[in-house]
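**Q** build me a structure from this.
(chains A and B)
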There are 2 protein chains.
Amino acid sequence: MAFDRLIEKICELQNPTVAGLDPKLDYIPGSICEKAYAEHGKTLEGAAAAVLEFNKGIIDALCDIVPAVKPQCAYYELYGWQGMKTLHDTIQYAKSKGLFVIVDGKRNDIGSTMQAYAAAYLGKTGVAGEKSAAFGADALTVNGYPGSDGVLPLLDVCREEDKGIFILDKTSNRSSDELQDQSFEGGETLYEAMGRFCEEWGKSLPGKYGYSGVGAVVGATWPEQLTQLRVMLPHTFFLVPGYGAQGGDADSAAPAFDSNGNGAIVNASRSILCAWKKEDAPQEKYAECARKEAERMRDEIIKRVGKIRLEKV
Amino acid sequence: MAFDRLIEKICELQNPTVAGLDPKLDYIPGSICEKAYAEHGKTLEGAAAAVLEFNKGIIDALCDIVPAVKPQCAYYELYGWQGMKTLHDTIQYAKSKGLFVIVDGKRNDIGSTMQAYAAAYLGKTGVAGEKSAAFGADALTVNGYPGSDGVLPLLDVCREEDKGIFILDKTSNRSSDELQDQSFEGGETLYEAMGRFCEEWGKSLPGKYGYSGVGAVVGATWPEQLTQLRVMLPHTFFLVPGYGAQGGDADSAAPAFDSNGNGAIVNASRSILCAWKKEDAPQEKYAECARKEAERMRDEIIKRVGKIRLEKV
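**A** Here you go, the predicted model:
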């Protein structure tokens, strides 16, 4: 099961964090951009080339200390199909360096369409009997608003291809309370109901450390809800965004973890990618600065959570 | 305002339907596939080439009788970046034929990320001062689960670039009742709450026919909810999926319309794209069959809804 692989990697590196690859052009050293523009013009192709070069530098700097990366689709779609080629190449490069790759696409639709998304990001695309992986990630984020029809087709692909999904539950943004925190008749909130579905959907993808192949996205910006959900969803692995630039820290992310230091992976994007800018470092040190920030974040979280131990169930 | 343009086109053609471009390889005549595979191999590139050729034939056959097309992202992402190039080329081809293009991506995220999606699909991408449209659609479908933060950045781009969005409200699939039909304390269901937000978000994008630039997706498979929402959301234009292969028909879609025959556009995908298969027609007639089915659908809906009249508010 895919999250077993992720959990083992987290434990091996003693690092429950994932580096978000949300590479805005502003984050990329001018020298990388200039080189790409000289070759491809100030075009979508040029931008996509700059992003790929930047990502490779970040991946090289992080691959022996972080278990996973999370490219955010929007920052690749922003550069059109050229950007999507960079997404593909980034995923393949990260995998070649041993990283677990979570594509943050928050995809959702009716069942027949979700089969296509599942094949695109986690499975294989058949073309006249030949099969190839369009993007080939290890996990995909999913929005569960359409209900079970939109999730079940993913589970089949997860089982066959050893992949996982993360369902949006309590998102890190400020306005997530508008709908997600509202209580249904009977008292259950929308995010509690969504969490309950995650546990249910996960039953068909059990993992050896107690966590299923259906995880949930719960923001580090909502420590109370994290605390509550960790108890309520004992088989659901958490992807925790909102650390760093969005205001979350080790204290607010800590409730995502169980007593073994397992059960969650915390994402940071801007704070890692832009570390060189924050420190006013020379641009050629961008990857080195990213590594230092990733180490600092790792140490901060491990100090708070304690040593991560594997325990089979 | 973008939906004013769409409404005028619907009225001019007396056709409140949109052709969904969800081109599975199974739907495409073998001759088109063989030609593409001969040139590009049985690869993602070959499949993407076949899809583009097929789409162009459909667009040529429909562009003088239907006002809009709706490519579904999943069926392009399925073929990787090569498929995304076909998505781009399909959008541009459809626009060159005067069609209104709704990209069905159901995108959703926190605000900063939604800025990137808004630029990618509706606005322009800036690269070192140069601007270009990555996909350049007229409208995008959006999932509102994250709340206002995830929608407001789209509204700015809609205003500046004359574009629109459709928020998922009551989706056409069977399991949409699992969450969307649940009642909050106070009695409002989740889809009613989402609809109320659509009205609220739409206030900043008023249209001259009474409908704002923030539409809602409501399935033809749920006529009761359609009836209720038409009354409850007087400024929200509806995109109505679920007609045809999913089981909806003119009777079940009719409640989406107001007394002027305005207020909605009904989507059909499989029934149009696969008409040639259903009729056992020779494959070279696929576009002709699609046109006949689109005419039949138009006539069926207009017969039920009556002549569409524009009325300024």
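**Q** just the helices in the stretch 201-313 of chain A please.
**A** A:223-232, A:250-253, A:270-273, A:275-278, A:286-305 (DSSP state H, counting those that start in this stretch).
**Q** what comes up buried for the last one?
**A** Read that as helix A:286-305. Neighbour-count burial for helix A:286-305, counted by 16 or more other C-beta atoms under 10 Å in any protein chain shown, picks out A:286-287, A:289-294, A:297-298, A:300-302, A:305. Just so you know, the C-beta spots here come from the backbone N, C-alpha and C atoms, and that holds for glycine as well.
**Q** output that helix as PDB, nothing but the C-alphas.
**A** Provided in PDB are the C-alpha atoms of helix A:286-305 (Å, rounded to 0.1, in the frame of the first residue of the first chain):
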ATOM      1  CA  TYR A 286      18.700  29.000  -3.600                       C
ATOM      2  CA  ALA A 287      18.900  25.200  -3.400                       C
ATOM      3  CA  GLU A 288      21.300  25.300  -0.400                       C
ATOM      4  CA  CYS A 289      18.900  27.700   1.400                       C
ATOM      5  CA  ALA A 290      16.000  25.500   0.600                       C
ATOM      6  CA  ARG A 291      17.800  22.500   2.200                       C
ATOM      7  CA  LYS A 292      18.700  24.500   5.300                       C
ATOM      8  CA  GLU A 293      15.000  25.600   5.700                       C
ATOM      9  CA  ALA A 294      13.800  22.000   5.100                       C
ATOM     10  CA  GLU A 295      16.300  20.800   7.800                       C
ATOM     11  CA  ARG A 296      15.200  23.500  10.200                       C
ATOM     12  CA  MET A 297      11.500  22.600   9.600                       C
ATOM     13  CA  ARG A 298      12.300  18.900  10.100                       C
ATOM     14  CA  ASP A 299      14.100  19.500  13.300                       C
ATOM     15  CA  GLU A 300      11.400  21.900  14.600                       C
ATOM     16  CA  ILE A 301       8.700  19.300  14.000                       C
ATOM     17  CA  ILE A 302      10.700  16.300  15.300                       C
ATOM     18  CA  LYS A 303      11.700  18.200  18.400                       C
ATOM     19  CA  ARG A 304       8.000  18.800  19.000                       C
ATOM     20  CA  VAL A 305       6.700  15.400  18.000                       C
END
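**Q** check contacts around A:Cys63.
**A** Residues near A:Cys63 by C-beta atoms under 8 Å, 6 or more residues apart in numbering or on different chains: A:Ala94, A:Lys97, A:Gly98, A:Leu99.
**Q** the second one reaches A:Ala61, doesn't it?
**A** Pointing back at A:Lys97 there. No. Contact criterion C-beta atoms under 8 Å: A:Lys97 and A:Ala61 do not qualify, at 10.5 Å.
**Q** between these two, tell me which one has more neighbours.
**A** A:Ala61 (20 against 14; other C-beta atoms under 10 Å in any protein chain shown).
**Q** and the pLDDT for the more buried one?
**A** Note for A:Ala61: predicted pLDDT of 98.
**Q** my guess is it is in a helix, correct?
**A** Yes. Counting by DSSP: H, G, I helix; E, B strand; the rest coil, A:Ala61 is part of a helix.
**Q** so it touches A:Lys292, yeah?
**A** No. With contact defined as C-beta under 8 Å, A:Ala61 does not count as touching A:Lys292 (9.2 Å).
**Q** returning to that earlier point: out of the contacts of A:Cys63, which is nearest to chain B?
**A** Proximity of the contacts of A:Cys63 to chain B (C-beta to the nearest C-beta) peaks at A:Ala94, which lies at 16.2 Å.
**Q** what sits against the closest one?
**A** Contacts for A:Ala94 were tallied using C-beta under 8 Å, 6+ apart; they are A:Ile59, A:Cys63, A:Val69, A:Val101.
**Q** for the second one, grab phi and psi.
**A** The phi and psi values for A:Cys63, taken as degrees, to the nearest 10, are phi -60, psi -20.
**Q** give me the below-cutoff pLDDT ranges for the stretch 201-313 of chain A.
**A** The model of the stretch 201-313 of chain A has no residue with pLDDT under 70.
**Q** let's see which of the contacts of A:Cys63 end up in strands.
**A** Counting by DSSP state E, none of the members of the contacts of A:Cys63 fall within strands.
**Q** spatially, which two of those are the most separated?
**A** Farthest-apart pair in the contacts of A:Cys63 is A:Ala94 and A:Gly98; separation 8.5 Å (C-beta to C-beta).
**Q** let me see the ranges of the strands in the stretch 51-200 of chain A.
**A** Applying DSSP state E, counting those that start in this stretch to the stretch 51-200 of chain A gives strands spanning A:68-71, A:100-107, A:125-127, A:130-132, A:139-142, A:164-170.
**Q** what about the nearest residue to A:Leu152 once chain neighbours are set aside, how many residues close to it?
**A** Once flanking residues are discounted, A:Leu152 sits nearest to A:Gly111: 6.8 Å by C-beta to C-beta, 6 or more residues apart in numbering or on different chains. When counting by other C-beta under 10 Å, one arrives at 18 neighbours for A:Gly111.
**Q** with the one 3 residues further on instead?
**A** The local packing count at A:Met114 equals 23, with neighbours defined by other C-beta under 10 Å.
**Q** what's the answer for the one 10 residues further on, then?
**A** For A:Lys124, the neighbour count with other C-beta under 10 Å is 16.
**Q** any idea what the closest residue to it other than its chain neighbours is bridged to?
**A** What sits nearest to A:Lys124 in space, not counting adjacent residues and going by C-beta to C-beta, 6+ apart, is A:Lys131, at 4.2 Å. Beta-bridge partners recorded for A:Lys131 (DSSP bridges): A:Gly126.
**Q** ditto for the one 10 residues further on
**A** Using DSSP bridges, the bridge partners assigned to A:Thr141 are A:Phe166.
**Q** surely it meets A:Val101?
**A** No. At 11.9 Å, A:Thr141 and A:Val101 do not qualify as touching, with contact defined as C-beta under 8 Å.
**Q** on that earlier part again, what residues are up against the residue nearest to A:Leu152?
**A** Contact analysis of A:Gly111 by C-beta under 8 Å, 6+ apart lists A:Asp149, A:Gly150, A:Leu152, A:Pro153, B:Asn173.
**Q** what sits against A:Ala139?
**A** By C-beta under 8 Å, 6+ apart, the neighbours of A:Ala139 are A:2-3, A:6, A:100-103, A:122, A:163-166, A:215.
**Q** return the member of the residues you listed nearest to chain B.
**A** Taking C-beta to the nearest C-beta as the measure, chain B lies nearest A:Val103 of these, at 10.4 Å.
**Q** contact partners for the closest one?
**A** A:Val103 sits next to A:Lys70, A:Pro71, A:Cys73, A:Leu87, A:Ile91, A:Tyr121, A:Phe135, A:Ala137, A:Ala139, A:Leu140, A:Thr141 when contact means C-beta under 8 Å, 6+ apart.
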